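Engineer: need a structure here:
(chains A, B, C and D)
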There are 2 protein chains.
Amino acid sequence: MSCMYPRAMRSRPLAADRPLAQQVRMRLAEGMAAGEWKPGEALPSESELASAFGVAIGTIRKAVDGLVAQQAVVRRQGKGTFVAAHDPRRLMFHFFHVVGRDGTKAYPEVTTLDFRRDRAGPADAAALGIAPLDRVFRIRNVLTLGDRRAILDDIALPAALFPGLTEKIFLARENTIYHLYQSRYGINVLRTDERLRATQASREEARQLGIAEGAALLEIRRVAFTFRDRAVELRLSRVDSEHFEYHNTLGKGEPL
Amino acid sequence: MSCMYPRAMRSRPLAADRPLAQQVRMRLAEGMAAGEWKPGEALPSESELASAFGVAIGTIRKAVDGLVAQQAVVRRQGKGTFVAAHDPRRLMFHFFHVVGRDGTKAYPEVTTLDFRRDRAGPADAAALGIAPLDRVFRIRNVLTLGDRRAILDDIALPAALFPGLTEKIFLARENTIYHLYQSRYGINVLRTDERLRATQASREEARQLGIAEGAALLEIRRVAFTFRDRAVELRLSRVDSEHFEYHNTLGKGEPL
DNA sequence: AAGTGGTCTAGACCACTAG
DNA sequence: TAGTGGTCTAGACCACTTC
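Structural biologist: This is a model prediction of the structure:
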């Protein structure tokens, strides 16, 4: 006698034809994007999710595996599964690849030089996936690593994603800018796209970084994305290449 | 009545206490590192592996999942699981991140300027994990992208990993240098570590790249690793940053 | 003791590939 | 048609956390 093969959710209308686990993963991702579970909060337990979605617990586990691989959630044995929060290690992985040439790996200290409201130019709009003339916030920061000015950052944020943001709120943030994105706006950066090139310091750049005009600068143009590949930040970084470098490891996974 | 819980391999001596799936993955990785299955060849089928290792097929699948994530193997439905080969897409992912500033994404054409036997200096030795004065091969290449010289490469290879390599063999290679590593020496690059900084072209660099002395150069110092995190190549690249840039995406995984 | 994630098993059916 | 990987189920036991 053959076994029943109960296909849960078989009556779901929009269920595409993707594997169940992927469908579950997308539904969970949407929930996080919509703020149903905020960064740091716990998702329902796997058995709860299994009965809620009407699938086997193994399918839930596979779905969550995908979210873990994306670093969208973190599992803690005996406690639960939590929406990823920006602990320092996560920051290091996703955002901060600049290290001292001598091997130093300090966390940067940020000083904000300027904060203003503006409208997007054509290049900003293309990078951020918004319309030209849409509102943006522009921020200029200097990042210090170990008592030395290392990086000059120009950041552009689509104002639509950061309702009510003001210079006061921005400057009053407790931790990093990513904590702000996350805690106040529930925005979690999942992917970044970076383009690097070499330039030479302009007079103004040299002054603000405390280096010589014409010194070698490493320029990084980065776009950060959240759920649904929505761009949340455009950042132009200029790194003092005399004392710092960009470090990148490809092909991770556990050893062997 | 409770179910039996047959723990296969329970008598294995060195079986550490790692999960079964990880043990299986490591055994498979060792087999590939030892050349038991060479790049492009098929592994035994999952059911064969399951009975060979004495574990459930689901455990084999989990082990292979890990190898797939590492890009050490590729699955093909209906055909089998194959040791990764250096198709162009894989190359693009692991090795080649330089693109035209206008968005061009061509494959590079390589011209070898020099090939010689030498001994490792202290810096080479440290990067490659070998002893100073160990034998190395040194190669200088110029890479051309779309009719323009783009990159000047200085490569150092530990001679111990490339027995019998000669300039003649090196120059007679059909495809890329990675095809050579793979087809002749069974070496598969799984991980790379890259450090980038900005410099200015020396007189010789300028001459060999056909650019102006003092022009902005993007310098990439890369170490490539194979199984067991063994370093197989040290490469110093200098990129014409006027016309090209380095492109990097972090946090992949399927969308959403 | 109860609840959570972590690992493993056993076996079903599906989809693709080849002879 | 036979064999391969791809998906899903159902349920066992293990390890960690909290009360």
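
Engineer: tell me the pLDDT of residue A:106.
Structural biologist: In this prediction, residue A:106 carries a pLDDT score of 80.

Engineer: helix or strand: which one has it?
Structural biologist: Residue A:106 is part of no helix or strand, with elements assigned from DSSP states H and E.

Engineer: what do you get for residue A:50?
Structural biologist: Using DSSP H and E, residue A:50 sits within helix A:46-53.

Engineer: how is chain A partitioned into domains?
Structural biologist: When chain A is parsed with automatic domain parsing, its domains come out as A:20-83, A:88-246.

Engineer: in CSV: the ones you listed, plus distance to residue B:31.
Structural biologist: Yep, even glycine has a C-beta here, placed from its N, CA and C like the rest. Formatted as CSV, the entries for those read as follows, by distance: least, Cβ to Cβ, whole Å:
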stretch, distance to residue B:31
domain A:20-83, 25
domain A:88-246, 31
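
Engineer: contacts only, for residue A:177.
Structural biologist: With Cβ atoms under 8 Å, 6 or more residues apart in numbering or on different chains as the criterion, the residues that contact residue A:177 are A:110, A:155.

Engineer: that one and residue A:246, how far apart?
Structural biologist: Separation of residue A:177 from residue A:246 (Cβ to Cβ, to the nearest Å) stands at 19 Å.

Engineer: quick one: residue A:53 from residue A:28, how far?
Structural biologist: In this structure, residue A:53 lies at 9 Å from residue A:28, with Cβ to Cβ as the measure.

Engineer: would you map the helices across the stretch 101-250 of chain A?
Structural biologist: A:122-128, A:167-171, A:177-185, A:203-209 (DSSP state H, counting those that start in this stretch).

Engineer: let me have those helices in CSV, extended by mean pLDDT.
Structural biologist: Listed next are the helices of the stretch 101-250 of chain A as CSV, based on pLDDT from 0 to 100:
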stretch, mean pLDDT
helix A:122-128, 97
helix A:167-171, 90
helix A:177-185, 83
helix A:203-209, 97
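
Engineer: deepest in the core, which of those helices is it.
Structural biologist: helix A:177-185 (a mean of 19; mean count of other Cβ atoms under 10 Å in any protein chain shown).

Engineer: is any residue of the helix holding residue A:50 near DNA strand D?
Structural biologist: No. Using Cβ under 7 Å from any atom of the strand, no contact is recorded between helix A:46-53 and DNA strand D, whose separation bottoms out at 7.7 Å.

Engineer: helix or strand with the lowest mean pLDDT in chain A?
Structural biologist: Lowest on mean pLDDT, DSSP states H and E among the helices and strands of chain A sits helix A:88-94, with a mean of 71.

Engineer: and the average pLDDT for whichever helix or strand comes after it is what?
Structural biologist: The element immediately downstream of helix A:88-94 (helix or strand, assigned by DSSP H and E) is strand A:98-100. Across strand A:98-100, the average pLDDT comes to 94.

Engineer: and strand A:98-100, how far out from the chain's middle?
Structural biologist: If you compare the mean C-alpha spot of strand A:98-100 with that of the full chain, they lie 19 Å apart, counting by Cα atoms, centre = their mean, to the nearest Å.

Engineer: other SSEs contacting it?
Structural biologist: Using 3 or more Cβ pairs under 8 Å, 6 or more residues apart in numbering or on different chains; DSSP states H and E as the contact criterion, the neighbours of strand A:98-100 among helices and strands are strand A:244-250.

Engineer: between strand B:244-250 and the strand it packs on, find me the angle.
Structural biologist: Note on geometry: by axes from the mean of the first three to the mean of the last three Cα atoms, to 10 degrees, strand A:244-250 and strand B:244-250 are set 60 degrees apart in direction.

Engineer: can strand A:244-250 be found next to chain B?
Structural biologist: Yes. Judged by Cβ under 8 Å from any Cβ of the partner chain, strand A:244-250 comes into contact with chain B at A:244, A:245, A:246, A:247, A:248, A:249, A:250.

Engineer: out of the residues you listed, who's nearest DNA strand D?
Structural biologist: Nearest to DNA strand D among the residues of strand A:244-250 next to chain B is residue A:250, at 23.0 Å by Cβ to the nearest atom of the strand.

Engineer: I figured the closest one was touching residue B:94, is that so?
Structural biologist: Yes. Distance between residue A:250 and residue B:94: 6.2 Å, which falls inside the contact criterion (Cβ atoms under 8 Å).

Engineer: need the overlap of contacts for the two.
Structural biologist: Shared contacts of residue A:250 and residue B:94 (Cβ under 8 Å, 6+ apart): residue B:192.

Engineer: hmm, residue A:212 is touching residue A:201, no?
Structural biologist: Yes. Counting by Cβ under 8 Å, residue A:212 touches residue A:201, with 7.1 Å between them.

Engineer: which one of these two has more residues nearby?
Structural biologist: residue A:201 (23 against 11; other Cβ atoms under 10 Å in any protein chain shown).

Engineer: distance of the more buried one from residue B:240?
Structural biologist: Computed with Cβ to Cβ, the distance linking residue A:201 and residue B:240 is 19 Å.

Engineer: how about residue A:112, what does it touch?
Structural biologist: For residue A:112, the set of contacting residues under the criterion of Cβ under 8 Å, 6+ apart consists of A:139, A:140, A:141, A:170, A:171.

Engineer: returning to what we had before: need the buried ones from the residues of strand A:244-250 next to chain B selected in ChimeraX.
Structural biologist: Entered in ChimeraX, the line below selects the buried ones among the residues of strand A:244-250 next to chain B, by 16 or more other Cβ atoms under 10 Å in any protein chain shown:
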select /A:244,245,246,247,248,250
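
Engineer: wait, which of the residues of strand A:244-250 next to chain B is closest to residue A:158?
Structural biologist: Of all these, the one sitting nearest residue A:158 is residue A:246; the distance, using Cβ to Cβ, is 25.8 Å.

Engineer: the nearest residue to that closest one once chain neighbours are set aside: neighbour count?
Structural biologist: Closest residue in space to residue A:246, ignoring its immediate chain neighbours: residue B:196 at 4.2 Å, by Cβ to Cβ, 6 or more residues apart in numbering or on different chains. As a burial measure, the neighbour count of residue B:196 was computed by other Cβ under 10 Å and equals 27.
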